[in-house]
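> Mind folding the following:
(one chain, ligands or ions: 1)
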Amino acid sequence: MVKVLVIGIDGASWNFIYKWIEKGKLPTFKKLMENGVWGDLESCVYYFTSPAWKCYSTGKNPGKLGAFSYWSFDKNTKELSLNLSTSFKSRDFWDILGNYGYKCGIVNMPLTYPPKKINGVLITGFPALEHKYTYPPELEKELKRYNYRVGHIGGLSEGDRALSEIRDMIKKRFLVSAHLLEKSHFDFFQVVIFYIDKIQHDYWKPMEENDQLYGSVIQDFWEFIDREMAKLLDLVGDCYVFIVSDHGFNALRGVFRLNVWLKEKGYLHLKRTYPKIESIFSFLEKIGVSRRFIVKMITSPNLMKLLRFFVSGQLIFKVGEKVISGETEMGITSLIENVDWEKTNAICVAENCLYILTSNDYRRYRDRLIEEIKDLRDPRTGEKIVKNVRKREDVYRGDYLHLAPDLIINPEDGYRFYDGIRKDLWDFSRKPWSGYHRLHGMFLAKGPTIKKGVRIDGARIYDVAPTILHIFGIPIPEDMDGHVLREIFEVKKESKSD
Ligand SMILES: [Zn+2]
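Have a look, this model is predicted:
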C-alpha cells in the first residue's frame, strides 16, 4: 500500500476556493480538511512554477539549485536558456526515498524533463516535449493507449477547444495514476495537476464578473478535480495524503513592463527601436490583423507538429515561450537578440527579476535602482506598486548565489513586472491574463498520525520534503532549507534527524 500520496495542484490557494468548500461544492476537500490539517503554503522567491516546484521537491532555496526562474541568463555570454531538469543541481526527495529502497511514482511533475532515472516511474511535466518524456522509456508506449499528452502550452488550441483539451489532459493524469497504482506497488506516489494554472490565468475576470458564459469555468474545473481526487483517494485507502501547490492565485491588477521602463530611463538600449518581429506585428495590426491571430497561427497545434520534424526542441520552446505567458508581445528571447549590450546596464529577463550588467560602481547603481523601483506607482490611483526590492544576497543562500538576478522585486498583490516589450509601459487590459500568482498557496495533510480539523500557519514550500522524509523515518539532509512540520502530527515522533 502507498504510504504517502501527494496531489500537487498548480496555483491552488484557499482564498478563492474556500467559498465553494463552504457551500459544499468541493466535498472531497471538505472531508480532507475535517480529517487533516490545512493552511497556507508560502512559496519561494519568485513564486512561479519554475523554480517553485523544484523548491518543493528538493526542500532547498534556488541559491542551492542554480536556477531561479524559467530562464537562466549568462551575464558573460548574454545567452538565455530555458531551465530544464538538468539545470537544477540537486536531488529530489524521491531520489533519497529511492536510495532507501522505497519505490516512487511521479506523474506530471513540472521541471523534470528530460527524465532522470528514479527507483520507480517518472512521467515528466511542463515544460516538456511529447517524446522521450518518461522513465523508464518504455512507459511512454504504455501511455499511448491513453492518448496521453504532456501538453506543452504552445501546442494547445484556443478558447473552448483548449478548455476541453485541458479537461481531457487532467482526466488522464488521474486515469494514468490509477492505472500505475493498480499495476504496481509504490511507497510514494505523486501526481501534479498543472493546467489549472492556465485556467485561472485566463478565466479570472469572467469569474469576478459572474459572466454568463465563462463565469463558472474555474469553479467547474475545481469541482471536476474534486471528483477525480475522490476516486484516487478511494484507491489508495488510509495513507498519508498531502495537497500542495507551488504558489497561490489572485486577481491581476496591472502589467508593468519593466524593460520598457529601463529603456525609458536609459538603462536598457535596443539595437533597433522596434526589432523586426515587432515591426511586422505593428504593420499587420495597422492593416487589421490582430496579434492574437498571428500568434495563434504560428503556434497552432498542426504547425507545431510540423515544426517538430524540422527543428530542435529548444527552438520549439522558443516559439512556445511566446505563449507561455499568454502574451502576444515580443517575448524575452527576441528581446535578448536585439539588446545593445555595450550601452545596457540592466535588464529584466524573468518576471520580477533584474540583472545588472554594469560593473561600474555596482553598489551605488544597485541602490539607486532599488530606490527608483520602490517609488513606482499605479498611474490610475497613485498607489505604490512595490512592497520591496531585495538584493540577491538578502533572498538566496547557496553555492549558486552568483548566478542569481541582482534584484528581486516583490510587487503589491496583483501587479506583474513583465519582461516582454511593447510600446506602452503599462497594460491594464487584463487580457489575455486576468488572474495572477500570489505568494501563498495551499497546504493540506491527512494521515494516521496527523491532527484532525486543525488550521496551521507558517508552512513553507521548503518544509514539505523534510516532512515527508520524516514520515518515512529518514534523516533530513542538512542542506535542506525546510524543516519538519512537527506541529501537524498528533503524537510527536522521535527523530534523530533534526
Ligand atoms: Zn505554477
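
> number of nearby residues for the residue in the stretch 301-450 of the chain that the ion sits nearest to?
Of all residues in the stretch 301-450 of the chain, His437 sits closest to the ion, at 6.8 Å by C-beta to the ion. From N, CA and C alone the C-beta is placed, and that goes for glycine too. When counting by other C-beta atoms under 10 Å, one arrives at 28 neighbours for His437.

> How about Gly24?
So Gly24, with other C-beta under 10 Å, has 8 neighbours.

> okay but it is in contact with Asp226, surely?
No. Counting by C-beta atoms under 8 Å, Gly24 sits too far from Asp226 to count as a contact (10.8 Å).

> what is in contact with those two at once?
With C-beta atoms under 8 Å, 6 or more residues apart in numbering applied, the contact sets of Gly24 and Asp226 do not overlap.

> Identify the spatial nearest neighbour of Leu252, chain neighbours not counted.
Closest residue in space to Leu252, ignoring its immediate chain neighbours: Tyr436 at 3.8 Å, by C-beta to C-beta, 6 or more residues apart in numbering.

> what's the next secondary structure element after the helix or strand hosting that neighbour?
For Tyr436, the host element (DSSP states H and E) is strand 435-438. Note on strand 435-438: by DSSP H and E, the next helix or strand toward the C-terminus is strand 440-446.

> next structured bit after that following strand?
Next in line after strand 440-446, if elements are assigned by DSSP H and E, sits strand 454-455.

> what's next to that next one, contact-wise?
Here strand 454-455 has contacts from Val37, Trp38, Gly39, Ile488, using C-beta under 8 Å, 6+ apart.

> mind listing what that strand pairs with, with the direction of each?
Paired with strand 454-455 in the same sheet, following DSSP bridges, are strand 36-42 (parallel).

> Run the contact check for the strand it pairs with versus the ion.
No. With C-beta under 5 Å from the ion as the criterion, the ion is not reached by strand 36-42; the gap is at least 12.4 Å.

> quick one: that strand to chain centroid distance?
19 Å (C-alpha atoms, centre = their mean, to the nearest Å).

> Restrict it to CA atoms and write it as PDB.
The C-alpha trace of strand 36-42 is given here as PDB (Å, rounded to 0.1, in the frame of the first residue of the first chain):
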ATOM      1  CA  GLY A  36      -6.400  16.600   8.500                       C
ATOM      2  CA  VAL A  37      -4.500  19.900   8.900                       C
ATOM      3  CA  TRP A  38      -4.600  22.700   6.400                       C
ATOM      4  CA  GLY A  39      -3.400  26.200   5.800                       C
ATOM      5  CA  ASP A  40      -1.400  28.500   3.600                       C
ATOM      6  CA  LEU A  41       1.800  27.300   2.000                       C
ATOM      7  CA  GLU A  42       4.300  30.100   1.500                       C
END
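
> Quick one: mean pLDDT over that strand.
Average pLDDT, strand 36-42: 98.

> for stretch 335-354, same thing?
92.

> which element is the residue in the stretch 51-200 of the chain that the ion sits nearest to on?
Per C-beta to the ion, Asp197 is where the stretch 51-200 of the chain lies closest to the ion, at 4.6 Å. If you go by DSSP H and E, Asp197 is part of helix 196-208.

> How far away from the center of its chain is stretch 117-130?
16 Å.
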